[in-house]
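A.B. asks: structure here, sequence nowhere to be found:
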């Protein structure tokens with residue numbers, strides 16, 4: 001597990017940073033299930049001024065499955081504000097909340113003020129990500145891309161090693177990133193075309209309430 005202290009502010013973060021207000025600054029709710037954690041942080045979190053990159057991590061040490069709560073405790077023990085990642089994806093595909101999505105993270109030195117950090121649990125120098133983890137990762141990344149108008153590519157969906165000197169997210173996850181980017185792009189294209197085409201052909205006036213809700217929910221399930 002790796003993080004950086006709040007004081008590591010890059011030169012690009014100019015001006016006065018605003019404190020995060022969960023009432024007025026909260027990001028849109030995710031369409032997929034997120035396990036809420038309600039962590040308390042040692043310092044007031046800052047509102048991220050922009051979002052144009054997603055950084056993928058692994059836990060590294062320890063091996064195996066690790067909860068967001070365990071990472072939060074470890075980061076607090078290091079003297080940091082708390083968990084540095086915005087999401088943690090468990091072996092069974094469960095997505096757990098880390099920091100609130102709209103806040104500045106503490107997961108990639110010099111890059112925290114414009115990125116979202118996702119930790120996929122495991123040591124992928126020797127383990128293999130589970131299919132459930134990859135499925136959840138792709139769906140989550142696709143939704144983040146849609147929310148922040150990020151075009152999937154090698155410069156926008158990156159491994160931690162792309163921005164800092166580290167082995168993270170491990171060779172067995174890093175080698176999957178090209179395919180993950182392609183899958184995310186397909187999910188976004190599917191959301192933008194097939195779902196909208198279906199909406200155009202749908203006569204909501206002739207549908208029951210349950211049928212209308214099912215069609216609307218499809219838009220979330222695509223991601």
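C.D. replies: Ah, there it is. The shown structure was predicted, so the numbers you read here are calculated from the model rather than taken from an experiment. Numbers count the residues shown, from 1 in each chain.

A.B. asks: quick one: contacts for residue 124?
C.D. replies: Residue 124 is in contact with 58, 169, 170, 171, 172, 173, 174, counting by C-beta atoms under 8 Å, 6 or more residues apart in numbering. (Glycine included, C-beta is placed from N, CA and C.)

A.B. asks: the residues you listed in strands, which ones?
C.D. replies: residue 58 (DSSP state E).

A.B. asks: let's have the contacts of residue 124 in a markdown table, adding pLDDT.
C.D. replies: Formatted as a markdown table, these follow (pLDDT from 0 to 100):
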| residue | pLDDT |
| --- | --- |
| 58 | 97 |
| 169 | 98 |
| 170 | 97 |
| 171 | 97 |
| 172 | 97 |
| 173 | 98 |
| 174 | 98 |
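
A.B. asks: among the contacts of residue 124, which pair sits farthest apart?
C.D. replies: Taking C-beta to C-beta, the two most distant members of the contacts of residue 124 are 58 and 171; they sit 10.1 Å apart.

A.B. asks: for the two, indicate the residue with more neighbours.
C.D. replies: More neighbours surround residue 58 than the other of residue 58 and residue 171, with 26 against 13 (other C-beta atoms under 10 Å).

A.B. asks: quick one: that one and residue 176 touch, right?
C.D. replies: No - counting by C-beta atoms under 8 Å, residue 176 is not a contact partner of residue 58; they are 11.5 Å apart.

A.B. asks: longest helix in the chain, by residue count?
C.D. replies: helix 131-148 (DSSP state H).

A.B. asks: show me what the next helix or strand after that one is packed up against.
C.D. replies: Next in sequence after helix 131-148, counting helices and strands by DSSP states H and E, comes strand 157-159. Packing partners of strand 157-159 (3 or more C-beta pairs under 8 Å, 6 or more residues apart in numbering; DSSP states H and E): strand 53-58, helix 177-192.

A.B. asks: helix, strand, or coil at residue 119?
C.D. replies: strand (DSSP: H, G, I helix; E, B strand; the rest coil).

A.B. asks: beta partners of it?
C.D. replies: Residue 119 has these beta-bridge partners by DSSP bridges: residue 57, residue 88.

A.B. asks: OK, contacts around it?
C.D. replies: 1, 57, 58, 59, 71, 85, 87, 88, 89, 98, 107.

A.B. asks: and residue 115, how many neighbours?
C.D. replies: Quick note: residue 115 (other C-beta under 10 Å) scores 22 neighbours.

A.B. asks: that one against residue 57, yeah?
C.D. replies: No - under the criterion of C-beta under 8 Å, residue 115 is not in contact with residue 57, lying 10.9 Å apart.

A.B. asks: for stretch 118-125, what is the distance to the chain centroid?
C.D. replies: 13 Å (C-alpha atoms, centre = their mean, to the nearest Å).

A.B. asks: distance between the ends of it?
C.D. replies: 17 Å (C-alpha to C-alpha, to the nearest Å).

A.B. asks: what is the rounded mean pLDDT of that stretch?
C.D. replies: Mean pLDDT, computed over stretch 118-125, is 97.

A.B. asks: list the buried residues in that stretch.
C.D. replies: Residues of stretch 118-125 classed as buried: 118, 119, 120, 121, 122, 123, 124, 125 (neighbour count, 16 or more other C-beta atoms under 10 Å).

A.B. asks: for the closest residue to the third one other than its chain neighbours, give me its contacts.
C.D. replies: Just to be clear, that refers to residue 120. Spatial nearest neighbour of residue 120, chain neighbours left out: residue 89 (4.8 Å); criterion: C-beta to C-beta, 6 or more residues apart in numbering. Shown in contact with residue 89 (C-beta under 8 Å, 6+ apart): 95, 96, 118, 119, 120, 121, 133, 136, 137, 140.
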